[in-house]
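In: okay, sequence plus prediction incoming.
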Amino acid sequence: MHIGIDARLTTYRAGGISTYIVRLIQALERLDQQHRCTIFESRKARQRLAPARFGSVKVWTPPHHRLERIALSVELARFRLDVLHSPDFIPPLRGARRHVITVHDLTFLHYPQYLTAASRLYYNGQIAAAVSHADHILTDSDSSKRDMVEMLGVPPEKITVHMLGVDESFQPLPDDVLAGYRQRLDLPESYILFVGTFEPRKNIVGLLDAYRELLPVLPDAPPLVLAGKRGWLFDETMQQIEQMQLGDRVLWREDVPQDAMPALYNMAAVLVVPSFYEGFGLTALEAMACGTVPIVSNRSSLPEVVGDVGLLVDPDDPSTLTAALQRALTDTAWRETNQTAGIARAATFRWENTASIALATYQAVM
């Protein structure tokens, strides 16, 4: 087969989907010695993403453009692809004989109010056509599969779940390495950690409400570190946060370098993922791999990722998060048990497994 993978998004946006694209390509290069593979990158890409054995082609059509499906179809026609994989889920009208898409989640249908008008138009306006047009759909969790069946009427047999993997760099690190990163990132000895885009869906306001409730009960609680990048409706979120007047109890760390992320998790007392909705919850998996206990919402895919490790909370009830934080910060024996269990669970999530299911899907649709 001649397989094409649309990797244009990696030039425009960091984050979960871009990580998925990069790691999927790397794992496919190791696994598949039989088929021809071409990686389609943005003409603005400064570094080649495709491994040496794969073809690399730069295309002009930008992702999330209103004429994307037509323009990309024209650009891809000359390559005579057997299968095109669209990891950002919007396939061209006809880019290959068969189309596979990855729908990571349906956040935009669950919480359209958390998107800009342009984003609502792009995602909500095209998802029904995308799942109908695709020959097969990959998704990151059973939760997202159920959503597509229930909300979009997709036949269950048209959807295959392939849970994501965790990069080998996420692991427990020695103290001397952590000391260097602590100084580099200007971090305290201990802290509660949030990692993600600063946007309403992530429920940062709910996390701060819970943290504010925690302080009278646990005055010596470590500070809260919010690490990530600004997202949709950031200014509105900031206004709410500033009204809480938590001062230096909340530390912002924007755009932490990728090489520092394992250390950031390692040094945290606990990771909190209080999101209203997640398609997978990669940060919880990365934290477990580093030996950091996760506290996550009891919704969408997050319980699938953490299993019996850590604690589940109700994102609509900050008091449940307050209680979870209190236990995680004071029950040393419980935390150590969960640290060990988290490392063992994270080891079962491998990108090779993700890629092998994707490759089997390409073969099945042909």
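Out: Ah, there it is. Numbers count the residues shown, from 1 in each chain.
In: check contacts around the nearest residue in space to residue 68 that is not next to it in sequence.
Out: Distances taken as C-beta to C-beta, 6 or more residues apart in numbering place residue 61 nearest to residue 68, at 5.8 Å, with adjacent residues excluded. To be clear about C-beta, it is placed using only N, CA and C from the backbone, and glycine gets the same treatment. By C-beta atoms under 8 Å, 6 or more residues apart in numbering, the contact set of residue 61 is 8, 67, 68, 71, 72, 75.
In: from residue 260, how far off is residue 100?
Out: From residue 100 over to residue 260 the distance is 34 Å, taken as C-beta to C-beta, to the nearest Å.
In: more neighbours, these two?
Out: Using other C-beta atoms under 10 Å as the criterion, residue 100 and residue 260 rank with residue 100 on top: 24 against 16.
In: how's this structure carved up into domains?
Out: 2-165+350-365, 175-346 (automatic domain parsing).
In: now render the ones you listed as CSV, adding mean pLDDT.
Out: Converted to CSV, these look like this (pLDDT from 0 to 100):
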stretch, mean pLDDT
domain 2-165+350-365, 93
domain 175-346, 92
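In: measure the residue nearest to residue 68 to residue 182 for me?
Out: For residue 61, the distance to residue 182 - C-beta to C-beta - is 44 Å.
In: ok, residue 202 next?
Out: 25 Å.
In: more neighbours: which of these two?
Out: It is residue 202, of residue 202 and residue 182, that has more neighbours when counted by other C-beta under 10 Å, with 25 against 17.
In: so which helix or strand takes in residue 95?
Out: Counting by DSSP states H and E, there is no helix or strand that carries residue 95.
In: could you shift the numbering so residue one becomes 21, and keep it that way?
Out: OK, 21 is where the count begins now, so the last one is residue 115.
In: tell me if I'm right that it and residue 96 touch.
Out: Yes - contact criterion C-beta atoms under 8 Å: residue 115 and residue 96 qualify, at 4.0 Å.
In: stretch 200-219: which residues count as buried?
Out: Neighbour counts over stretch 200-219 (16 or more other C-beta atoms under 10 Å) mark 201-202, 205, 207, 211-219 as buried.
In: between the two ends of it, how far is it?
Out: 30 Å (C-alpha to C-alpha, to the nearest Å).
In: who does the residue nearest to residue 214 when sequence neighbours are not counted form a beta bridge with?
Out: Spatial nearest neighbour of residue 214, excluding adjacent residues (C-beta to C-beta, 6+ apart): residue 246 at 5.0 Å. For residue 246, the residues forming beta bridges with it (DSSP bridges) are residue 214, residue 272.
In: can you count the residues close to residue 246?
Out: Residue 246, neighbours per other C-beta under 10 Å, totals 21.
In: for residue 91, see how far away it is.
Out: 38 Å.
In: related to what we said a few turns ago, contacting residues for the residue nearest to residue 214?
Out: Here residue 246 is in contact with 214, 218, 224, 270, 271, 272, 273 (C-beta under 8 Å, 6+ apart).
In: now list the buried members of those residues.
Out: 214, 218, 224, 270, 273.
In: in the stretch 21-170 of the chain, mark out all the helices, start to finish.
Out: Using DSSP state H, counting those that start in this stretch, the helices of the stretch 21-170 of the chain run over 29-32, 36-51, 88-96, 127-130, 137-144, 147-153, 162-172.
In: typo on my end, the stretch 171-320 of the chain
Out: So, for the stretch 171-320 of the chain - with DSSP H, counting those that start in this stretch - the helices run 195-205, 224-237, 254-263, 281-286, 302-309.
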